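Student: Return atomic coordinates for the entry below.
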Amino acid sequence: MPKINVYLPDELAEAVKDTGIPVSAICQRALEQAVRRVSAMRETSLRTLTRDDLAERFPLFTDRARTVVALAIEHAGSAATVGTGDLLAGILDEGDNLALRVLQAIEIEPGQVRQALLRQAGAEPGPPAGDGAAHFSTAAAGALELSVNEATSLGHNYLGCEHLLLGLIGEPDGTAGQVLRGLGAEARLTRRAVSAALAGYVHLRANTAAQHQQPPAQGLVAALQEQLKPLVARIERLEQRFEQ
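Tutor: Numbers count the residues shown, from 1 in each chain. Got it, this is the predicted structure:
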């Protein structure tokens, strides 16, 4: 039977040893679940697209994420493929999701994204389809798979707009990824912002609204920006070294 090494931080490794947790069995179950999720997403993303059965086809998606997919289909219009640009436009059109708060936290405004998306608009190749129905482009299908991986790596049993955002950034060939990376949405920085937002959303919303008398979303963005300053500064220093 093939073996896969699992590397753990020292403190966690010691705790695992002390408690006698069955690492192999736990890892196997987790991997089986992750493979099932990715395989299901792969199969779903290759099928014909309609707005009528999104809840059935995307059971792990939050309501907002399903709304984003519906808006992406609408944005694609009569095009044969729904691309990553359409998914990103869906995130923008939905208008009130955590992905947008995360972008604002890393100082990227939705208006900037929309303008950049318009400048880079173009059809993405998709699977051959002779039925005249819409399908996800190859890049969009890849971004959806990456979104599942992002949700799994964060330990989440659902897929939200923030996971879609990470999937779009990570997909190398899609229009959305090119737009987002061009605006400064580096994968590690954005993932850090997503983690911070998810970990402290309720606490930050309550406290920033009370302390600064800001609307909850604005308070969350401000708090996230404060948390991300050290990482942004570090990335800027590294970029300066490479330029030298």
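
Student: what residue ranges in this structure score low on pLDDT?
Tutor: Using pLDDT under 70 as the threshold, the predicted model of the chain has low-confidence ranges 1-8, 12-13, 16, 21-49, 51, 122-123, 125-133, 200-244.

Student: Strands along that one, start to end?
Tutor: Ranges of strands in the chain, per DSSP state E, are 81-82, 135-136.

Student: Now distance to F58 too, for the ones you listed, in a markdown table please.
Tutor: From N, CA and C alone the C-beta is placed, and that goes for glycine too. Shown next, in a markdown table, are those (distance: least, C-beta to C-beta, whole Å):
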| stretch | distance to F58 |
| --- | --- |
| strand 81-82 | 13 |
| strand 135-136 | 12 |
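
Student: Any chance of TSV for these, columns distance to R181 and mean neighbour count?
Tutor: Output for the strands of the chain, formatted as TSV (distance: least, C-beta to C-beta, whole Å; neighbours: other C-beta atoms under 10 Å):
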stretch	distance to R181	mean neighbour count
strand 81-82	21	24
strand 135-136	20	24
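
Student: wait, which of those strands is closest to E11?
Tutor: When the strands of the chain are compared by C-beta to C-beta, strand 135-136 sits nearest E11, at 41.5 Å.

Student: Which elements pack onto the closest one?
Tutor: Taking 3 or more C-beta pairs under 8 Å, 6 or more residues apart in numbering; DSSP states H and E as contact, the helices and strands that strand 135-136 lies on are strand 81-82.

Student: how about 10 Å then?
Tutor: Here strand 135-136 is seen to pack against helix 23-45, helix 63-76, strand 81-82, helix 84-94, helix 138-153 when contacts are counted using 3 or more C-beta pairs under 10 Å, 6 or more residues apart in numbering; DSSP states H and E.
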